[in-house]
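A.B. asks: Okay, here's the prediction I keep looking at, along with the sequence it came from:
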Amino acid sequence: MTQGLLALGIQELGLDLSADNIADLETFMREMSRWNRVHNLTAIEGEDDSIRLHLIDSIAVLPVMRKYLKASSPAIADLGSGGGLPAIPIALVESGWNLTLIEAIRKKTAFLQHIRGKLGLGNTEILSERVEAVAIQRPAQFDAVISRAFTNLARFLELSMPLLKPDGLVFAMKAKRADEEMQAVNPRDWHLIADEPLHIPNLSVERRLLVLSPVRKSPPLMLDQ
Ligand SMILES: C[S@@+](CC[C@H](N)C(=O)[O-])C[C@H]1O[C@@H](n2cnc3c(N)ncnc32)[C@H](O)[C@@H]1O
């Protein structure tokens with residue numbers, strides 16, 4: 001039996017979602033499920049309920065993002081957006097935030113453009129590019145970078161660095177392996193600001209959101225000769 005987002009406990013996240021938010025999130029899920037059947041869009045398998053749980057997983061990061069983002073209309077890049085997680089649900093709920101979805105595979109960005117039009121998501125832009133190319137075209141333009149199931153933490157941070165403003169933040173959605181992945185991160189390059197456990201209703205697996213910022217590099221001291 002297919003359950004709606006409400007039945008899966010989305011309200012337990014404490015996000016104060018409106019009826020319009022819920023309806024838009026349901027539309028997004030329905031479209032993803034429909035495109036998935038035809039275009040094999042994402043690796044997400046199973047019934048609609050499973051797709052809904054992926055969506056809830058994506059918006060569970062919002063309370064933590066709200067806590068750490070200081071700008072009122074932050075520019076946020078989602079690296080390797082795939083079918084739009086987590087950027088589309090975030091953009092739907094946070095209409096004042098600007099989301100840039102970066103995805104290399106064209107059939108996926110075709111879906112993202114479709115959903116952008118269908119839901120009237122004027123606060124999103126879709127870039128059909130490799131992240132490495134965007135880093136060159138758009139240096140230091142983002143208040144934050146996020147990704148879900150994109151790559152390992154060290155590589156994600158390496159790709160995020162050129163995109164971030166000097167005081168920008170990285171939000172890394174992680175499961176249990178986060179500690180292991182942190183070992184590969186150079187503390188001279190990154191501060192771990194927070195490691196927040198996430199509670200996902202109806203999902204027993206562990207989820208965490210790491211918040212990191214690049215270490216400011218002081219200019220070298222000019223000593224008198
Ligand atoms: C496992 S999927 C995850 C998709 C989505 N974030 C989610 O959670 O469902 C990873 C996505 O990253 C994209 N990707 C991988 N490397 C990339 C790169 N260097 N630039 C842009 N997209 C990339 C892939 O095409 C794929 O769609």
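C.D. replies: Sure, I can see it. Residues are numbered from 1 along each chain as shown.
A.B. asks: Can I get the helix-or-strand element of the chain with minimal mean pLDDT as CSV, trimmed to CA atoms?
C.D. replies: One helix or strand of the chain scores below all others by mean pLDDT, DSSP states H and E: helix 48-59, with a mean of 79. Taking Å, rounded to 0.1, in the frame of the first residue of the first chain, the C-alpha atoms of helix 48-59 are listed here in CSV:
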residue,chain,number,x,y,z
ASP,A,48,6.8,4.9,-4.2
ASP,A,49,7.2,4.6,-0.4
SER,A,50,10.9,4.0,-0.8
ILE,A,51,11.2,7.1,-3.0
ARG,A,52,9.3,9.1,-0.3
LEU,A,53,11.8,7.9,2.3
HIS,A,54,14.7,9.2,0.2
LEU,A,55,12.9,12.5,0.0
ILE,A,56,12.3,12.7,3.8
ASP,A,57,16.0,11.8,4.2
SER,A,58,16.8,14.8,2.0
ILE,A,59,14.8,17.4,3.9
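A.B. asks: Report the contact partners of Ile102.
C.D. replies: Contacts of Ile102 were listed using Cβ atoms under 8 Å, 6 or more residues apart in numbering, and they are Ala77, Asp78, Leu79, Gly80, Ser81, Leu127, Glu129, Arg130, Val131, Val134. Just so you know, the C-beta spots here come from the backbone N, C-alpha and C atoms, and that holds for glycine as well.
A.B. asks: Show me those residues that map onto strands.
C.D. replies: Mapping the contacts of Ile102 onto strands (DSSP state E) picks out Ala77, Asp78, Leu79, Leu127.
A.B. asks: My guess is the last one contacts Leu101. True?
C.D. replies: Looking back up the chat, that one is Leu127. Yes. Shown here, Leu127 and Leu101 form a contact pair, counting by Cβ atoms under 8 Å, at 6.8 Å.
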